[in-house]
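Q: fold the following, please.
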Amino acid sequence: MKKNIEKIVEKNLCCGCGTCSSTCPQQAITMVRNTAGFLVPEVDHNKCNDCGICLLTCPGNGLPEDLTNRYDDIFRGNNIAAYIGRATDEELWKNGQSGGVVSALLMYLLENKIIDKAVVNSFNPKTNKPIVTYVKDREGLIKSQGSYYSQSAVNEKAINNTSEKTAAVVLGCQAQGIALSKKYTNKGTPDYLIGLVCTGNHSNLIIDDLIEQSGLESEKTTEFRFKDKRAGGWPGNILIKTNDQQKIMDKKKRMILKDIYGVYRCQCCFDKMNIFSDIVVGDPWGIEAEDKKGGLSVFIIRTEKGQDLINKAIDNKYLIADKIDINSVYKGQKIDSTTKTKFFGTKEICKKENFPFPDYNIDWSKYKYRKASKSLKRHFSKLLKYKFYLYNVENRSKLNKIIRKQKRLLALKNTLLKSASLVKHSIKRIFRLFTKKI
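A: Prediction:
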């Protein structure tokens, strides 16, 4: 039996976080992109000695009990306070995806020399892919603003042996990898974890697809934003630029592609709300507030360190923020409805159909949730099968063929759903007219 990360890759449970690469004592693991554009670890068998550290620190593999039992509710984690607000710096605010809160916090940490550098994602125009970088100043931070919704191995840089103080912007799986690294290795980890609310990551092909749809020349792309409020206000449309052209695309196009390029492991994830971070930041869905179109962020404080950072950022005029009810954030993010239904529905399907599923040491029986309907379960099952197949395709021609087929199927489904909705609406209207006459 393999004692290295290849075991996880074969099960399609890799999330592409890069934890294994940074924690491997033999430096035997490199993160590469497979044919379908997913980030996966590649093992150098001449260096690997099967020590098993990569498996212990892999969040795709699951989580041990001593990391999960610290929370009464694994979907919510620890909660100190919740806020809604934005960056006071106009450039950071207007250039940010929502309220620019993450950038404002990093700016405070950098300018006050609390950290030496921050680990963030930036867009690499040479590859049209996100790239993990260190930023140390305002210029680098502004260049890193924006969203890509595409895999990047953040933990390759977030976990290291540097003596410098750092902060890292992470997704839930990446924060889990950092927590596992703390448990099983002596590697250095970030002093601050600023988490992002996450609804799932995607193959890097999602960016290629959108650029192709834009009609712009791929090799001339200079900027890509999956969501940009400068293009139509929050929550923003797709924005793609070259040196002499700009294309704004309706946000519906990105929504269509989520089920085309989604990561298998993400469908098996409970951690939308990034419970291992110090602060988790997201969009203000379901929250009533002025100037939402201009961009605001909601954020939940999870640790005392996170609370201290927020207090100082507000006191020093880096943030404008108001406290809000924590439950309103979870309601807006649909944790007790959509998230739990998808997670438990997927878990049930994986058990029934013998699909790979992470080994979580959690008592799931205590959780209440709305069970998925039969049609929704069928949808979840089809997505799992499709994602599993896509992940393992090695022939580019075959890859393009199954992507085209999936697009046609989803387009047909959406057309049928729209037709059904119109029929339902028409019946209701006729019924109302009929009852009025009576």
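Q: tell me the average confidence for stretch 30-39?
A: In this model, stretch 30-39 has a mean pLDDT of 96.
Q: pull the distance from that stretch to the chain's centre.
A: Taking CA atoms, centre = their mean, to the nearest Å, the mean C-alpha location of stretch 30-39 is offset from the chain mean by 17 Å.
Q: which positions in it come out as buried?
A: 31, 33-39 (16 or more other CB atoms under 10 Å). Where C-beta positions appear, they are placed from N, C-alpha and C, glycine not excepted.
Q: with distance to L210 and secondary structure added, can I get those residues in CSV?
A: CSV is the format used below for the buried residues of stretch 30-39 (distance: CB to CB, whole Å; DSSP: H, G, I helix; E, B strand; the rest coil):
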residue, distance to L210, secondary structure
M31, 23, strand
R33, 17, strand
N34, 20, coil
T35, 19, coil
A36, 16, coil
G37, 13, coil
F38, 17, coil
L39, 18, strand
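Q: got JSON lines for the residues you listed, with distance to L412 too?
A: Listed next are the buried residues of stretch 30-39 as JSON lines, based on distance: CB to CB, whole Å:
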{"residue": "M31", "distance to L412": "36"}
{"residue": "R33", "distance to L412": "30"}
{"residue": "N34", "distance to L412": "28"}
{"residue": "T35", "distance to L412": "26"}
{"residue": "A36", "distance to L412": "23"}
{"residue": "G37", "distance to L412": "24"}
{"residue": "F38", "distance to L412": "26"}
{"residue": "L39", "distance to L412": "31"}
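Q: closest one of these to L239?
A: G37 (21.0 Å; CB to CB).
Q: quick one: contacts for that closest one?
A: Contacts here follow CB atoms under 8 Å, 6 or more residues apart in numbering; on that basis G37 touches 203-206, 208, 261.
Q: and with 7 Å instead?
A: G37 makes contact with 203-205 under the criterion CB atoms under 7 Å, 6 or more residues apart in numbering.
Q: secondary structure element for I178, which one?
A: helix 172-184 (DSSP states H and E).
Q: just name the shakiest helix or strand of this structure by mean pLDDT.
A: helix 396-437 (a mean of 72; mean pLDDT, DSSP states H and E).
Q: domains for the chain, by residue range?
A: 6-68, 81-332, 395-438 (automatic domain parsing).
Q: pull up the distance across the longest one, start to finish.
A: What it means is domain 81-332. Across domain 81-332, the terminal residues are separated by 16 Å (CA to CA, to the nearest Å).
Q: would you map the strands across the stretch 101-250 of the chain?
A: Applying DSSP state E, counting those that start in this stretch to the stretch 101-250 of the chain gives strands spanning 117-124, 129-135, 166-170, 192-196, 221-228, 237-242, 246-249.
Q: state the mean pLDDT of the shortest one.
A: Rounded to a whole number, the mean pLDDT of strand 246-249 is 95.
Q: helices or strands up against it?
A: Packing contacts for strand 246-249, counted by 3 or more CB pairs under 7 Å, 6 or more residues apart in numbering; DSSP states H and E, involve helix 205-214, strand 237-242.
Q: deepest-packed of the ones you listed, please.
A: strand 237-242 (a mean of 21; mean count of other CB atoms under 10 Å).
Q: ok, K387 touching Y264?
A: Yes. Contact criterion CB atoms under 7 Å: K387 and Y264 qualify, at 4.0 Å.
Q: turn the helices and strands packed on strand 246-249 into JSON lines, columns for mean pLDDT.
A: Converted to JSON lines, the helices and strands packed on strand 246-249 look like this (pLDDT from 0 to 100):
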{"stretch": "helix 205-214", "mean pLDDT": "96"}
{"stretch": "strand 237-242", "mean pLDDT": "95"}
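Q: picking up where we left off before, between the buried residues of stretch 30-39, which is nearest K252?
A: G37 (21.9 Å).
Q: okay, helices next: where are they in the stretch 1-150 of the chain?
A: 6-10, 19-23, 53-56, 65-68, 90-95, 101-111, 138-144 (DSSP state H, counting those that start in this stretch).
Q: who touches the last one?
A: Residues from elsewhere that reach helix 138-144, judged by CB under 7 Å, 6+ apart: 91, 95, 103, 106-107, 120-122, 133, 135.
Q: ok, and the closest non-adjacent residue to C198?
A: L171 (4.7 Å; CB to CB, 6 or more residues apart in numbering).
Q: swap in P64?
A: Per CB to CB, 6+ apart, closest to P64 is N361, 5.9 Å.
Q: list the contacts for the one you found?
A: Contacts of N361 (CB under 7 Å, 6+ apart): 63-65, 68.
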